[in-house]
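**Q** Sequence first, predicted coordinates after that:
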Amino acid sequence: MNIGLFGYGKMGKMIEQIAQQRGHSIVAKVDVGTKEADYSKMDVAIDFSTPDAAYQNIITCFENKVPVISGTTGWLERYAEAVKHCQEKKGAFIYASNFSLGVNLFFELNEQLASMMSKLEQYSVSMEEIHHTQKLDAPSGTAITLAEGIIEHSSYKTWKSETADEKSIPITSKREGAVAGTHIVSYESEVDKIEIKHVAHNRKGFALGAVIAAEWIQGKTGVFSMKDVLNLS
Ligand SMILES: NC(=O)C1=CN([C@@H]2O[C@H](COP(=O)(O)OP(=O)(O)OC[C@H]3O[C@@H](n4cnc5c(N)ncnc54)[C@H](O)[C@@H]3O)[C@@H](O)[C@H]2O)C=CC1
Ligand SMILES: O=C(O)C1=N[C@H](C(=O)O)C[C@H](O)C1
């Protein structure tokens, strides 16, 4: 598979390593200042760029008939537009706030737990996410996906950063050193606390998941998720 990388930062470099180990070639590295890219050589584009850059990168790929795997977070207010564009162009698209297998299992566990806890009024939910100090967006895309999973299976209506009323899920964002990504969902009552936690030790899991998604989307048309790729539901 010939891969075009959009964003050649921490994730772009990790994806290059994993993709080459799996026998793929990197045919373009598009980053700030790249004048032009040859889309005709790309079987797939993998975008891990910035919240400001992702949407335009994705749309340009659809226009050039290149399937897109996007892991960039912080641009989701334009996700519906990107989906519409993909459908109009009969393209192929997967966005995931987190591509690691572990976190995608954690998403399933979170939904099951939310479903059980929704019957117990004495517990209040809250969330904490911890990332490295270079991260541009907060809360993390993964925390937002976790909050959406809880909202789907409970009476909570929204999420909010830091403080929250009883109808919204409070999310605390911490930025520390080089932390790859930690997410904790807690349910607290007057007498006890239940927590589920995912800790990424490094970025390899995210990169492997993105390359597996790129392999999976070959020959397909439509908008998919990691649930489709991993056959999770
Ligand atoms: N979905 C997932 O599994 C994961 C998502 N991420 C997300 O991926 C994104 C990138 O993360 P990192 O690699 O850690 O950040 P990074 O800051 O190391 O790399 C981003 C790169 O994008 C480049 N860039 C800026 N404008 C661009 C443009 N117009 N076109 C192409 N590239 C451009 C920057 O110069 C930089 O090299 C972030 O939004 C992060 O939250 C990170 C890890 C896992
Ligand atoms: O910026 C990061 O590093 C990460 N971003 C993603 C997110 O916002 O959830 C995924 C992972 O946690 C690492």
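**A** Sure thing, it's come through. Ligands and ions are numbered 1, 2, ... in the order given.

**Q** Can you tell me how far the residue nearest the centre of the chain is from residue 209?
**A** Closest residue to the average C-alpha location of the chain: residue 97 at 1.2 Å, with CA atoms, centre = their mean. Residue 97 is 11 Å from residue 209, where distance means CB to CB, to the nearest Å. Using the backbone N, CA and C atoms, a C-beta is placed for each residue, glycine as well.

**Q** Please apply the same query to residue 142.
**A** From residue 142 over to residue 209 the distance is 12 Å, taken as CB to CB.

**Q** which neighbours do those two share?
**A** Residues touching both residue 142 and residue 209 (CB atoms under 8 Å, 6 or more residues apart in numbering): residue 98.

**Q** Enumerate every residue touching the residue found closest to residue 152 once you drop the neighbours it is linked to in the chain.
**A** Once flanking residues are discounted, residue 152 sits nearest to residue 111: 6.8 Å by CB to CB, 6 or more residues apart in numbering. By CB under 8 Å, 6+ apart, residue 111 lies in contact with 149-150, 152-153.

**Q** Break the chain into its domains for me.
**A** The chain breaks down by automatic domain parsing into domains covering 2-99+204-229, 101-199.

**Q** who touches the residue in the chain sticking out farthest from the centre in this structure?
**A** The centre of the chain is farthest from one residue, residue 191, which by CA atoms, centre = their mean lies 34.4 Å away. Going by CB under 8 Å, 6+ apart, residue 191 touches no other residue.

**Q** what's the spacing between it and ligand 1?
**A** Remark: distance between residue 191 and ligand 1 (CB to the nearest ligand atom, to the nearest Å) = 36 Å.

**Q** And residue 154, by the same measure?
**A** Note on residue 154: its distance to ligand 1, by CB to the nearest ligand atom, is 24 Å.

**Q** count of neighbours near residue 156?
**A** Neighbourhood size, residue 156 [other CB atoms under 10 Å]: 19.

**Q** hang on, I meant residue 198
**A** Residue 198, neighbours per other CB under 10 Å, totals 21.

**Q** Now residue 157. Nearest residue, chain neighbours left out?
**A** Among residues not flanking residue 157 along the chain, residue 167 sits closest, at 4.8 Å (CB to CB, 6+ apart).

**Q** wait, isn't that neighbour in contact with residue 154?
**A** No - using CB atoms under 8 Å, residue 167 is not in contact with residue 154, being 10.4 Å away.

**Q** Which residue, other than its chain neighbours, is closest to residue 186?
**A** Take residue 186 and drop its neighbours on the chain: the residue closest to it by CB to CB, 6+ apart is residue 195, 4.7 Å away.

**Q** Over to residue 181?
**A** Using CB to CB, 6+ apart, the closest residue to residue 181 is residue 200 (4.1 Å).

**Q** From residue 206, how far out is the one you found?
**A** Counting by CB to CB - residue 200 and residue 206 are separated by 7 Å.

**Q** For those two, work out which one has more neighbours and name it.
**A** Neighbours per residue, other CB under 10 Å: of residue 200 and residue 206, the larger number sits with residue 206, 26 against 19.

**Q** residues touching residue 153, list them.
**A** With CB under 8 Å, 6+ apart as the criterion, the residues that contact residue 153 are 111, 114-115, 118.
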